[in-house]
Structure formats: C-alpha cells, structure tokens
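Student: Sequence and predicted structure below; questions after.
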Amino acid sequence: MIGDMAYSEKDNIQYANQNELQLMAKLNPNITQGTRKKEDEFEFNKDAGMYVCKAGHLAIRKARTGKKGINNNQKDTYMFDIEKCKVCPMREGCYKEGAKSKTYSVTIKSNEHIEQEAFQNSEEFKAKNSELKHRHGYDIASAAGLIGMQMQGAMAIFAVNLKRIMTLLKE
C-alpha cells in the first residue's frame, strides 16, 4: 500500500501487518523526531536513569503514563523537585510561576512505529519513494496551492498503485 504521511497512523500500520501488506508511507516527523526544540531538551543521565534539566537538577521520580494497548503511545514522565525550580536562575521559559509540578515527558514508540521507522530507512522504501518523486513527478509541485498539490500527490500515488496492481495481476 502506498500513501503519504497521513496514512502512517498506527491503525493503518497494524492493518497492513495483519493482512501481510507493506505500507509505503513515511511516519510523521513528530513520531520519529519528537516535537521539542533543541533548546528545550533535557539530557538523559544513563547512570541515574533520569533526565537532567539545563541547570543540572536531576529528576527525582519517573512514572509511566498513558494507557497501554490503545492508539496513543505511553510516555515516561520525569518529575523534578519544584522547590529547586522556584529558585532556579534558569527557570524562565522552563518553570511557570505558581505551578505545582515540573515534569518532562518522553513518548515511548510503539512496536509498529519502531518497525515502520526501520522500514522507511531501508533501501526498498527509498527506491519506491524515489520512483514516486522522479518517475511520477511527486518531487516538484506542478500546480499552485494546496488543492493542486493534493491532486498531484493523489495522481502520482494512484499511478504507482495501478502499476503495482497490474504487476500482481500478471503473476
């Protein structure tokens, strides 16, 4: 199955796996790279198994949050000592006055997302993506506007899927 990033949600990956199909859709960058800016990052201390803030304060507790087995991935949430945050010289942009807690959460990727990320880094995926871009014109917009690009993408993906169907019918 070939689709754009919108098709790489967890349900579609599970459906493809259950039906022995390969989903040719890139994962959303929020899944592969996260949503944090570089300056917001905390550093992970391997020895303590905890995150450290920019000021050097180590998290005091860790908890797994989110329900297991539903569409949203679970998170590891690290809690920091709020008393240190209140007087920290680097609190601006990190600690909000009056907050009762300071946490830092890291999303745990599902097995489906881990496998799809590995596949999208494979040569097979890169070759199919290259075919879409170079042979079917999906690399440069040929029309202005979002609707034009959506139509161009739909036609390119339709053409590649049609070629695949024809190949399978010949087998």
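Tutor: Right, received. Where do you want to start? All values derive from a computational prediction rather than experimental measurement.

Student: buried ones in the helix or strand of the chain with the lowest mean pLDDT?
Tutor: Least confident helix or strand, the chain: helix 29-32 with a mean of 74, by mean pLDDT, DSSP states H and E. Buried residues in helix 29-32, defined by neighbour count with 16 or more other CB atoms under 10 Å: Ile31. No exception for glycine: its C-beta is placed from N, CA and C like everyone else's.

Student: OK, contacts around Asn28?
Tutor: Asn28 makes contacts with 5, 8, as judged by CB atoms under 8 Å, 6 or more residues apart in numbering.

Student: Now the phi/psi pair for it, please.
Tutor: With angles defined as degrees, to the nearest 10, Asn28 sits at phi -60, psi 140.

Student: What distance do you get for it to Met5?
Tutor: According to CB to CB, to the nearest Å, Asn28 and Met5 sit 5 Å apart.

Student: And for the most centrally placed residue in the chain, nearest residue in space, chain neighbours not counted?
Tutor: Taking CA atoms, centre = their mean as the criterion, Ile31 is the residue nearest the geometric centre of the chain, at 1.1 Å. Leaving out its chain neighbours, the residue that sits closest to Ile31 by CB to CB, 6 or more residues apart in numbering is His113, at 5.5 Å.
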